[in-house]
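Enquirer: Structure here, sequence nowhere to be found:
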């Protein structure tokens, strides 16, 4: 400390405040260094607790398990089975519009995979069920110039895209059910995209449009710096266990 | 909690507790911390996230409020009065040990709670919240500029940021709760002046 004019007995004494501050900083650094171990312990502990927690409060704790709600729009309109529509258009021979009943009448595929968010949370073994995207593309008849698929959403803001090759994978669904329930509004219902092998931002909620394009148009988060080819464990600088 | 607080007491002498520098540092820090906490809640609590949406905007506000959080204190360093208060907060005398023991053993007698301008609890709080805010700033920057640090660090930073946020929320609630219970302490930060009777009772060793 610089030699300051004495300010009475109160300014004397030991600099405990500084030690507390530096100690807090050191604990923070130690926390970062030991986080991988601590996090596994916490996930085990909270995972066990949340099974027996009727209040659901453990779900609010970090790593308490479960999905987190992300929306980029100010508000999202609700769509019911009566007024929901999904259009397939762009570079296709037969553009068409599906109602929810149309989609339900098509053969359904059920997949059980982990969901991995790019922000770190992971929900293990989550069932999704719906129509494979490739079936809808085949029904529409992709024209020769088609190279990619762009997805739009009835929140009015979000968008996503896949190459045609990615879109034709068997583990890419136009999902109607999640966790063996109809998809609720907060989870992107009544219909959302489910791209099993990629980070969850690819699985656009509130899906309302599928447009075949001649090239990949980066989606909402991709224009903000996220990877377009968002393979779990091989993109966005992350090394998570692949999901599919 | 004085029984006389509501009865018209004889005009009490006022003493100066804080100058404009300390009051504005506290106001600025409180406002920025409030923005951080509210935006954090909108990002983190599912029900609020559903209500607010606009994730990208909320993230931006949260980041900038967090980055600006140390600014009021840094500006305050220009003030001699503020630096003097920091020195009071930093230095712990023998009476602070007595105060902390009494607090730990839930001894509420005035005589066992000797305090200067700041009591030992306020000193510990100030030092801890300053350290915690810096840890939040560091881990927050690691999450913000994701390409600056290796991936393992970033996941670890998220872990520390989340849990420390929860801890800060609880401690901050305690801080606000105690302020709500002490109108004269709040008046001190609002107007700069407190009654000498309050000063004598709460901070007997303080010589304003």
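Expert: The structure has been received and is ready for your questions. Being a predicted model, the structure only gives us computed values, none of them experimental.
Enquirer: For the chain, give me the ranges with low pLDDT.
Expert: Looking at chain A here, since you left the chain open. Low-confidence segments of chain A (pLDDT under 70): A:1-9, A:40, A:43-44, A:46-74.
Enquirer: that's the wrong chain, I wanted chain B
Expert: Checking chain B against pLDDT under 70 turns up B:1-11, B:146-147, B:150-152.
Enquirer: those strands in it, which residues are they?
Expert: B:14-16, B:193-195 (DSSP state E).
Enquirer: mind listing the helices for chain B?
Expert: B:20-44, B:46-52, B:55-68, B:71-76, B:80-90, B:94-104, B:120-144, B:151-180, B:183-191, B:196-202 (DSSP state H).
Enquirer: Could I get the buried residue list for the fifth one?
Expert: For helix B:80-90, burial by neighbour count (16 or more other C-beta atoms under 10 Å in any protein chain shown) applies to B:82, B:84-90. For every residue, glycine as well, the C-beta is placed using N, CA and C.
Enquirer: got those residues as TSV, with distance to residue A:191 columns?
Expert: Shown next, in TSV, are the buried residues of helix B:80-90 (distance: C-beta to C-beta, whole Å):
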residue	distance to residue A:191
B:82	58
B:84	64
B:85	59
B:86	58
B:87	63
B:88	62
B:89	57
B:90	60
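Enquirer: Please list which of these also come close to chain A.
Expert: Residues of the buried residues of helix B:80-90 in contact with chain A (C-beta under 8 Å from any C-beta of the partner chain): B:84, B:87-90.
Enquirer: Just name the closest of these to chain A, please.
Expert: Distance to chain A, by C-beta to the nearest C-beta, is smallest for residue B:90 among these, at 3.8 Å.
Enquirer: thinking again about what came up before, rebuild the ones next to chain A among the buried residues of helix B:80-90 as TSV, extending it with distance to residue A:80.
Expert: Converted to TSV, those look like this (distance: C-beta to C-beta, whole Å):
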residue	distance to residue A:80
B:84	65
B:87	65
B:88	63
B:89	59
B:90	62
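Enquirer: and which of these is nearest to residue A:14?
Expert: The closest of these to residue A:14 turns out to be residue B:90 (C-beta to C-beta; 9.1 Å).
Enquirer: The closest residue to the closest one other than its chain neighbours: neighbour count?
Expert: Counting by C-beta to C-beta, 6 or more residues apart in numbering or on different chains, residue B:90 lies nearest to residue A:17, which is 3.8 Å off, once chain neighbours are set aside. Counted with other C-beta atoms under 10 Å in any protein chain shown, the neighbours of residue A:17 add up to 25.
Enquirer: measure residue A:17 to residue B:167 for me?
Expert: When distance is defined by C-beta to C-beta, to the nearest Å, residue A:17 is 19 Å away from residue B:167.
Enquirer: One more: residue B:51?
Expert: Residue B:51 sits at a distance of 25 Å from residue B:167 (criterion: C-beta to C-beta).
Enquirer: same check, this time on residue A:219
Expert: Taking C-beta to C-beta, one finds residue A:219 at 36 Å from residue B:167.
Enquirer: if I look at residue A:35, how far off is chain B?
Expert: Going from residue A:35 to chain B by C-beta to the nearest C-beta, to the nearest Å gives 3 Å.
Enquirer: Can you check my assumption that that residue lies in a helix?
Expert: Yes. Under DSSP: H, G, I helix; E, B strand; the rest coil, residue A:35 sits within a helix.
Enquirer: Now it: closest residue in space that isn't a chain neighbour?
Expert: residue B:156 (3.3 Å).
Enquirer: Cross-check the contact I'm expecting between the one you found and residue A:37.
Expert: No. Assessed by C-beta atoms under 8 Å, residue B:156 is found out of contact with residue A:37, at 9.9 Å.
Enquirer: If you count surrounding residues, which of these two has more?
Expert: Set residue B:156 next to residue A:37 and count neighbours by other C-beta under 10 Å: residue B:156 wins out with 23 against 10.
Enquirer: Report the buried residues of the strand of greatest length in chain A.
Expert: As assigned by DSSP E, the longest strand anywhere in chain A is strand A:122-132. Across strand A:122-132, burial judged by 16+ other C-beta under 10 Å covers A:122-123, A:126, A:128-132.
Enquirer: Relative to chain B, which of these is nearest.
Expert: residue A:122 (11.1 Å).
Enquirer: Now that closest one. Nearest residue, chain neighbours left out?
Expert: residue A:116 (4.9 Å).
Enquirer: which residues touch that neighbour?
Expert: A:122, A:199-200, A:232, A:240-241, A:243 (C-beta atoms under 8 Å, 6 or more residues apart in numbering or on different chains).
Enquirer: can you redo these as a markdown table with distance to residue B:128?
Expert: Shown next, in a markdown table, are the contacts of residue A:116 (distance: C-beta to C-beta, whole Å):
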| residue | distance to residue B:128 |
| --- | --- |
| A:122 | 32 |
| A:199 | 36 |
| A:200 | 36 |
| A:232 | 39 |
| A:240 | 34 |
| A:241 | 37 |
| A:243 | 40 |
